[in-house]
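Engineer: Build me a structure from this.
(one chain, ligands or ions: 4)
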Amino acid sequence: MGTHMDIQGWKRYVSGVILLSAAIHTSFAVTHYSIPEEMEEGSVVANLATDLGLDVKTLIKRKVRLDVIANKKYLDINKEKGELFILEKIDREYLCPAKTTCFLKMEVIVENPVRIFYIELEITDINDNNPHFRRDVIHLDISESTSAGERFSVSNAVDSDVGSNSVKTYYLSESEHFDIEIQSGRDGSKFADLILKKALDREIQAVHNLILTAVDGGVPARSGTASIIVRVVDANDNAPKFDKDSYIINVTENSPIGSLVVNISFALALFSTDQILQFSLHIFVHCANPCAQCRSFPTNAFYTILLIITPTGR
Ligand SMILES: [Ca+2]
Ligand SMILES: [Ca+2]
Ligand SMILES: [Ca+2]
Ligand SMILES: [Ca+2]
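Structural biologist: Numbers count the residues shown, from 1 in each chain. Ligands and ions are numbered 1, 2, ... in the order given. I've put the predicted structure just below:
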């Protein structure tokens, strides 16, 4: 037979198609079912024989079969009972990721005579996933000079479930300094802003450990947490402190050069560290006795020394 059909060949082909079309009594009605995801294997979805008006006793003889279109065989037909049952658990999040609706389309085919029934199975969501944060620990550096009312973005939690089974709200652990405000994205997703409700003081508390909890709207609700570690960045808000405001020291006029007059201590908070360092100043006799100034005050000579410590800071 050549590649080109003659007129007789075309007639035979067309009449064959017409006969085949007549033989297949196709029902275009779609039978709709709805089941929750994750049903156990073997669970019965529906009695197809009853719903499609087929005689259950003839199903084996008519070679009933089920085609799950464009997907693996999650379901099958029990040919003795005419029941549609779960062959493999259906995970909605795997089958329809990032979709709010999920359908499986199927065809039930019987022979003698050939009939095709269309089935649409809706897979509804159950709350089988916890909200979770992309990072378990969120690090924030906040200057102690930051004013109360300032807000900071923290990464939102995600939940593979949809609708009310997804993230609904957030809670923050008890804190004197921080609070959260819940925001809604355009797509309906929820996220939290961290708000500084009371100014920080690094010298009182250099690190704040908070727990942010995301909760979904499922029943029962599921949750996920992330740690927020706030490191308070130092600002130059403390002057160096001497251990006394003034020192009165008696020095004998014949004190040798280089002898210690006084040892003065002062404390200085270091920038960007959690340390408060103690320093000492040693003041020694510098000039020989009797020095010029002493001669001006033969009985009681007073020297007033003003010490100014100026750290180089911001
Ligand atoms: Ca699932
Ligand atoms: Ca789910
Ligand atoms: Ca969920
Ligand atoms: Ca401070």
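Engineer: so what's the residue most central in space within the chain up against?
Structural biologist: The centroid of the chain falls nearest to F133 when counting by Cα atoms, centre = their mean (2.1 Å). Shown in contact with F133 (Cβ atoms under 8 Å, 6 or more residues apart in numbering): 155-158, 212, 214, 224-226. (Glycine included, C-beta is placed from N, CA and C.)
Engineer: what's the spacing between the spatially closest residue to L121 that is not a sequence neighbour and F28?
Structural biologist: The shortest distance from L121 to any non-neighbouring residue, by Cβ to Cβ, 6 or more residues apart in numbering, is to L104 (4.4 Å). L104 is 19 Å from F28, where distance means Cβ to Cβ, to the nearest Å.
Engineer: out of those two, which sits in the busier spot?
Structural biologist: L104 (20 against 7; other Cβ atoms under 10 Å).
Engineer: And the more buried one, which helix or strand is it part of?
Structural biologist: strand 103-110 (DSSP states H and E).
Engineer: tell me the contacts of N78?
Structural biologist: N78 neighbours (Cβ under 8 Å, 6+ apart): F85.
Engineer: And it, its phi and psi?
Structural biologist: Dihedral pair for N78: phi -80, psi 110, per degrees, to the nearest 10.
Engineer: Could I get the pLDDT score of it?
Structural biologist: You'll see N78 listed with a pLDDT of 96.
Engineer: start to end distance for stretch 195-210?
Structural biologist: End-to-end distance for stretch 195-210, by Cα to Cα, to the nearest Å: 12 Å.
Engineer: I meant to write stretch 83-91 there.
Structural biologist: Its start and end residues considered, stretch 83-91 measures 21 Å (Cα to Cα).
Engineer: Stretch 142-159 too?
Structural biologist: 29 Å.
Engineer: Return the set of buried residues in that stretch.
Structural biologist: Across stretch 142-159, burial judged by 16 or more other Cβ atoms under 10 Å covers 142, 144, 152, 154, 156-157, 159.
Engineer: That one and ligand 2 in contact?
Structural biologist: No: Stretch 142-159 is not in contact with ligand 2 by Cβ under 5 Å from the ion; minimum separation 8.8 Å.
Engineer: Cross the contacts of F133 against strands and list the overlap.
Structural biologist: Among the contacts of F133, the ones falling in strands (DSSP state E) are 157-158, 212, 214, 224-226.
Engineer: Rebuild these as TSV, extending it with pLDDT and distance to ligand 4.
Structural biologist: TSV is the format used below for those (pLDDT from 0 to 100; distance: Cβ to the ion, whole Å):
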residue	pLDDT	distance to ligand 4
A157	96	33
V158	95	37
L212	98	25
A214	98	33
G224	98	34
T225	98	30
A226	97	27
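Engineer: give me the subset of the residues you listed touching ligand 3.
Structural biologist: Okay, of the ones in strands among the contacts of F133, nothing touches ligand 3 (Cβ under 5 Å from the ion).
Engineer: Show me what the helix or strand S265 falls within packs onto, helices and strands only.
Structural biologist: Per DSSP H and E, S265 falls inside strand 260-269. Identification of packing neighbours for strand 260-269 by 3 or more Cβ pairs under 8 Å, 6 or more residues apart in numbering; DSSP states H and E yields strand 241-242, strand 276-284.
Engineer: So what are the sheet partners of the first one and their directions?
Structural biologist: With DSSP bridges as the test, strand 241-242 is paired with strand 260-269 (antiparallel).
Engineer: if we can go back for a sec, so which of the helices and strands packed on strand 260-269 is nearest ligand 4?
Structural biologist: Smallest distance to ligand 4 across those (Cβ to the ion): 11.2 Å, for strand 276-284.
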